[in-house]
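Enquirer: Build the 3D model from these lines:
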Amino acid sequence: MPESLDARTRDEIDDQVAEAFDAYLSDRLTERGPLRTALTAGRTARVVLGTLALGTLATALAPGGVATVCWIWGAIAAIDIAWLRAAHRN
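Expert: Presented below is the predicted three-dimensional model:
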């Protein structure tokens, strides 16, 4: 930006650009396509990895034996499958 613009004018321009970009992204996310698919896939990966991390922690802290650990990982598998199916439908 030219140095002749004062700080307030630059801030106003930045705000207007940010608002326009937000509006553009909002419109694009309502449409099916690669952008929506990429965002959904990233969110899905975080959820699955998060459940695996929590499962590892729960396994380390679980009182009891093999049956408790099997219940923990069975619940994690059910949650991940349900989440992946829901993400695939969108």
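Enquirer: contacts, neighbours, all on C-alpha from now
Expert: OK.
Enquirer: neighbours of residue 48, just the number please.
Expert: For residue 48, the neighbour count with other C-alpha atoms under 10 Å is 18.
Enquirer: got a list of what the residue nearest to it when sequence neighbours are not counted touches?
Expert: Distances taken as C-alpha to C-alpha, 6 or more residues apart in numbering put residue 80 closest to residue 48, at 5.9 Å, once the chain neighbours are dropped. For residue 80, the contacting residues are 47, 48, 51, by C-alpha atoms under 8 Å, 6 or more residues apart in numbering.
Enquirer: Please compute how far the helix or strand hosting residue 80 lies from its chain's middle.
Expert: Using DSSP states H and E, residue 80 sits within helix 66-89. Mean-position distance between helix 66-89 and its chain equals 18 Å (C-alpha atoms, centre = their mean, to the nearest Å).
Enquirer: One more: stretch 61-68?
Expert: 31 Å.
Enquirer: just the helices in the chain please.
Expert: Assigned by DSSP state H, the helices in the chain fall at 7-29, 34-61, 66-89.
Enquirer: Any chance of those helices in TSV with mean pLDDT as columns?
Expert: Conversion of the helices of the chain to TSV gives the following (pLDDT from 0 to 100):
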stretch	mean pLDDT
helix 7-29	76
helix 34-61	75
helix 66-89	82
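Enquirer: What are the structural domain limits within the protein?
Expert: Split into domains by automatic domain parsing, the chain comes to 1-31, 34-90.
Enquirer: among these, which is the most enclosed?
Expert: Most buried of the domains of the chain by mean neighbour count (mean count of other C-alpha atoms under 10 Å) is domain 34-90; its value is a mean of 13.
Enquirer: How far off centre is that one?
Expert: For domain 34-90 - counting by C-alpha atoms, centre = their mean - the centre lies 13 Å from the chain centre.
Enquirer: when you give positions from now on, start the count at 663
Expert: Sure, I'll start numbering at 663, so the last one becomes domain 696-752.
Enquirer: Distance of residue 738 relative to residue 726?
Expert: 18 Å (C-alpha to C-alpha, to the nearest Å).
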